[in-house]
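Visitor: Requesting a structural model of the entry that follows:
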Amino acid sequence: MVLDAAFGRLGLAEIVTFTAGSNLRSQAIMRRLGFRADSARGFDHPRLPKGHPLRRHVFCVLTNSQFGRIVPAMPDPKVSTSRADERFVVEIVSDLICPWCYIGKRRLERAAKLLVGRKFEIVWKPFQLNPGMPLEGMDRREYRTRKFGSWERSQALDAQVTAAAAEVGLVFAFEKLARTPNTQPGHLLMWLAGTKGGQDALAEKLFRAYFEEGRDVGDATVLSEIGASVGLQREDIAAALEGKAGAAEVTAEENALRRLGIQAVPAFLANGEILASGAQPEEILAELLEDAFVGMSRAKDLNSISNR
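Guide: Numbering: from 1, shown residues only. Next up is the predicted model:
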C-alpha cells in the first residue's frame, strides 16, 4: 500500500467511507490512525472538533491490486497543506560488511522514488555483526568456514546474495575478498562523517570498496583514502581512527540500538521508532515510510488542534 501524499491530511478527515466494500487491512489502517467506526461503514475521528475547517469527506478506494489508496475531496484553498517545517529522519542501522545492508540501501533509494512529494534525511547508525573480530581482521575463508561449517556453504550463501544484489543493479565480487575486517574503525569514520556531513556518500563508497572492489575496509590507509574522497580532513580522520574522537559515542549508539531490540541488520528506524528489519522490497519500505509520514503529520495536527 503506497498512499497518496494527500493522505498526509487524513488525520483531520471527518469520515472515511469504503466505497468498494469492507476490507480488513484498510480498516486496521484507519484504526491505527485514530479513527473509529461509525454506523455508516465509515470512520470518524473523535478528537476533531465540530466546525473545524479541516473536516473533509475522504473516500478510500479499494481494489484487489491497490489497497488503501486515498482520493481526497478538493482541498480547502484557505488551508495550507505544506509540511516544509517537518524534519523526517530515517536511520539505517548497518554494518559495513553486511551485504544485505548494501542491498537495503538501494531498495530504500528506490522506495524514496515511489513517495511523491516526500523527503527525508538519512542517518547511518553503527552495528557490529562480529564484535569479537580481532582488530586486524581474519582470513575470510577461515572465518566463513568456521562460521557456516564449510567453505562450500559459504560460497552458496554468497551466490544467493549476489543474485539479490544484481536485482538492484549491484555487482558483488566476493572472490576478490581476502579478509573479513573488524568494522569498528569504519564505524568511527562514519560517525565522523555524521558530524561533518556526507555520511550517505561515505556509506556508499565503503560498501562499494568492500563488495565490488574487494578492498579491506578495516585497514586505516584504505579508510583514510575513502574518507578524504568525501571531503573529510586527514587530521580528523586520523583522530577518529585512533579512537581519540567518537569511540564513546559509537559504542553508546550501538548499545542503545541493541537495548531497543535490534539484533540483526539492516534495520530501519523512522524518527526514532523501528520501521523495518531486513532488506525489505522497495514497495514494502515505501508503504511503511508513508505510514510513518502519515502518523507524524496526524500527531502534529492533532496536537496543534488540542493546543488551541
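Visitor: And the strands in the protein, which stretches?
Guide: 15-18, 36-37, 42-44, 57-61, 69-71, 89-94, 121-126, 138-139, 179-180, 267-270, 273-277 (DSSP state E).
Visitor: quick one: low-confidence parts of this structure?
Guide: Applying pLDDT under 70 to the chain flags the ranges 1-86, 296-308.
Visitor: Spit out the contact partners of A193.
Guide: Taking C-beta atoms under 8 Å, 6 or more residues apart in numbering, we find A193 in contact with Q199, A201, L202, G227, V230, L232. Quick note: C-beta positions are derived from backbone N, CA and C, even for glycine.
Visitor: go again using 10 Å as the cut-off
Guide: 124, 199-203, 206, 227, 230-232, 236-237, 240 (C-beta atoms under 10 Å, 6 or more residues apart in numbering).
Visitor: now do A173
Guide: T162, Y210, F211, E212, E213, G214.
Visitor: If we only consider these, which is nearest to V250?
Guide: Y210 (18.6 Å; C-beta to C-beta).
Visitor: and the residue nearest to that closest one when sequence neighbours are not counted, how many neighbours does it have?
Guide: Leaving aside its chain neighbours, Y210 sits nearest to V217 (4.8 Å; criterion: C-beta to C-beta, 6 or more residues apart in numbering). V217 is flanked by 25 other residues according to other C-beta atoms under 10 Å.
Visitor: wouldn't V217 be in contact with P181 here?
Guide: Yes - here V217 reaches P181: they are 5.6 Å apart, a contact under C-beta atoms under 10 Å.
Visitor: which neighbours do those two share?
Guide: By C-beta under 10 Å, 6+ apart, the residues touching both V217 and P181 are L96, I97, G137, Y210, L223.
Visitor: dump the residue contacts of the residue nearest to the third one when sequence neighbours are not counted.
Guide: The reference is to G137. Distance criterion C-beta to C-beta, 6+ apart; nearest residue to G137, sequence neighbours excluded, is P181 at 4.1 Å. Going by C-beta under 10 Å, 6+ apart, P181 touches 96-97, 130, 133-138, 140, 210, 215-219, 222-223.
Visitor: next one: V123
Guide: Counting by C-beta under 10 Å, 6+ apart, V123 has contacts V89, V90, E91, I92, V93, G194, Q199, D200, L269.
Visitor: my guess is L188 meets V250, correct?
Guide: Yes - counting by C-beta under 10 Å, L188 does reach V250; the two are 5.9 Å apart.
Visitor: shared neighbours of these two, which are they?
Guide: P126, A240, G243.
Visitor: Run a quick neighbour tally on the closest residue in space to the first one that isn't next to it in sequence.
Guide: Which is P126. Nearest residue to P126 in three dimensions, chain neighbours excluded: H187, at 3.9 Å (C-beta to C-beta, 6+ apart). H187 has 26 neighbouring residues, counting by other C-beta under 10 Å.
Visitor: Identify the residues contacting H187.
Guide: 94-96, 124-128, 206, 240, 246-247, 250-251, 253-254.
Visitor: what's the burial count for A163?
Guide: A163 has 10 nearby residues by other C-beta under 10 Å.
Visitor: cool, and A165?
Guide: For A165, the neighbour count with other C-beta under 10 Å is 20.
Visitor: Return the distance of it relative to D139.
Guide: Separation of A165 from D139 (C-beta to C-beta, to the nearest Å): 23 Å.
Visitor: Where do the helices of the stretch 101-250 of the chain begin and end?
Guide: 140-148, 151-166, 184-196, 199-207, 220-229, 234-241, 247-259 (DSSP state H, counting those that start in this stretch).
Visitor: list the helices and strands the fourth one packs on?
Guide: So the one you mean is helix 199-207. Helix 199-207 sits against strand 89-94, helix 99-114, strand 121-126, helix 184-196, helix 220-229, with contacts defined as 3 or more C-beta pairs under 10 Å, 6 or more residues apart in numbering; DSSP states H and E.
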